[in-house]
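Participant: A predicted structure for the sequence below; I have some questions about it.
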Amino acid sequence: MWNLSITSFKQITAFSIFLFSLLIFNCSENSNSPSGNDDSRPIDEEPPTNENVIQVNKLNDHFTIFSEPIGTSVNATLFSGSEGNLMIDTGYDTMVGELRDSINGINPVGVQFIINTHTDTDHRGGNNVLSGGGTILGHVNGELVYQNSNPGADVLAIDRSYIFNFNGESIRCLLRTNNGHTESDIIVYFPESKIICTGDLYISESFPSVSFARGATVQAHLMTLNYLINYFPDDITYIPGHGRPSTKEELTAYYSMVEATVEIVRNEMATGRSLEDIQRSNVLAEWNSWGTYFVDYNTNSWIRQIYLSYYGL
Ligand SMILES: [Zn+2]
C-alpha cells in the first residue's frame, strides 16, 4: 500500500518533514481500518454548545493550546517554529474558521502537518485547516477516517511508534499503550520541550473516558497512566485531550483517584452486585465531582466502564 519504512522507537532514525510530506499514500481503497465509523462515546459527539470563542493558552514561544469552546472544551495544540506549523488535533469541524484565524494570529504560514491523537470527531473535525500538500499523521486504525477528514491531504498511517524531525524537535509519536481510550490512540512526545500531548488518554478534569465498545479497557487506561507517569521526565508538561495542562504531580494524584475508584467498584463486583445496583448505591459519592465535567459522561458512566472491563475477572 505504501513504501515508507516506519521508524521504530529502537531505531533512532529520524525523518525530516520534507521527506515524508512528499510521499503519496493510497489509503482510501485499501484500508483495513475497523474504525471507519464514528460510533464512539457520546461525549466526543457533542457539538460545541457554548459561544464559539477559542481560548488561547500560550505555553511558550513554540506551543499554544487552543481550547474550543470555552467551558467543557477540547484542546488543539499548535507547535510553531521556523519550518512552519504542526497541529496536534484540530477540534470541532464547526470551528475550523476560528481555528485558522487563531493559528494565523500566531504564525501566518498555514499548517503543514497535523497529528491526530485518535479518530473522535472533536479531535479531527478541523483537519481542513491543513494547507494544501500537507500531511495528516494518525494511527493505522483510523486511516480511512483521516483520509475522509481531508481528501486533499496525504495521510501517514502508523502502526508502531514513529519519530520525525520538525522545527528542531525530534517528535515521537508513541503507540505503546493501545486501547486506553479507543482503538486509535497516539501519544505525541516532544522531548526537547518536555511536553506530551496525551489525547483523551488523559482528561485532567474528568473520570477517564474509556470506550469499551471500541475495544478499550480500564486496565489499558491504567497502564497508560502508569506509562505517562513513569517513563518521562519529572518536569514534563502533559497537555490532555480536554482540560488544563498538568504537571507530573497532578497526573500522579489523578492516577490515585482512578485507582481508588476502580478498586471500590471491583470490590462491589466481587460481592456479586449488578451494575445497576452498584450505580444506584452511589459508591463513588466521594469522587462525584469528577463526573460533572462532561454533560453526558458522569459517575455512572465511569462505573459502567469499570464494570464492563472487569466483568468475569
Ligand atoms: Zn475527546
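Facilitator: Thanks, I have the structure now.

Participant: which element is residue 122 on?
Facilitator: helix 121-124 (DSSP states H and E).

Participant: ah, wrong one, I meant residue 192
Facilitator: With DSSP H and E as the criterion, residue 192 is inside neither a helix nor a strand.

Participant: for the host helix or strand of residue 79, which positions count as buried?
Facilitator: Per DSSP H and E: residue 79 is located in strand 74-81. For strand 74-81, burial by neighbour count (16 or more other CB atoms under 10 Å) applies to 74, 75, 76, 77, 78, 79, 80. Backbone N, C-alpha and C define where each C-beta goes, glycine included.

Participant: for it, name the packing helices and strands.
Facilitator: When contacts are defined as 3 or more CB pairs under 8 Å, 6 or more residues apart in numbering; DSSP states H and E, strand 74-81 packs onto strand 63-68, strand 84-88, helix 96-106, helix 121-124, strand 169-174, strand 237-242.

Participant: how about a markdown table for the ones you listed, with mean neighbour count added?
Facilitator: Shown next, in a markdown table, are the helices and strands packed on strand 74-81 (neighbours: other CB atoms under 10 Å):
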| stretch | mean neighbour count |
| --- | --- |
| strand 63-68 | 23 |
| strand 84-88 | 25 |
| helix 96-106 | 17 |
| helix 121-124 | 25 |
| strand 169-174 | 20 |
| strand 237-242 | 24 |
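
Participant: can you redo these as JSON lines with mean pLDDT and distance to residue 149?
Facilitator: Shown next, in JSON lines, are the helices and strands packed on strand 74-81 (pLDDT from 0 to 100; distance: least, CB to CB, whole Å):
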{"stretch": "strand 63-68", "mean pLDDT": "94", "distance to residue 149": "17"}
{"stretch": "strand 84-88", "mean pLDDT": "98", "distance to residue 149": "12"}
{"stretch": "helix 96-106", "mean pLDDT": "95", "distance to residue 149": "11"}
{"stretch": "helix 121-124", "mean pLDDT": "94", "distance to residue 149": "5"}
{"stretch": "strand 169-174", "mean pLDDT": "97", "distance to residue 149": "17"}
{"stretch": "strand 237-242", "mean pLDDT": "98", "distance to residue 149": "17"}
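
Participant: could these go into a markdown table alongside distance to the ion?
Facilitator: Shown next, in a markdown table, are these (distance: least, CB to the ion, whole Å):
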| stretch | distance to the ion |
| --- | --- |
| strand 63-68 | 12 |
| strand 84-88 | 13 |
| helix 96-106 | 15 |
| helix 121-124 | 5 |
| strand 169-174 | 18 |
| strand 237-242 | 5 |
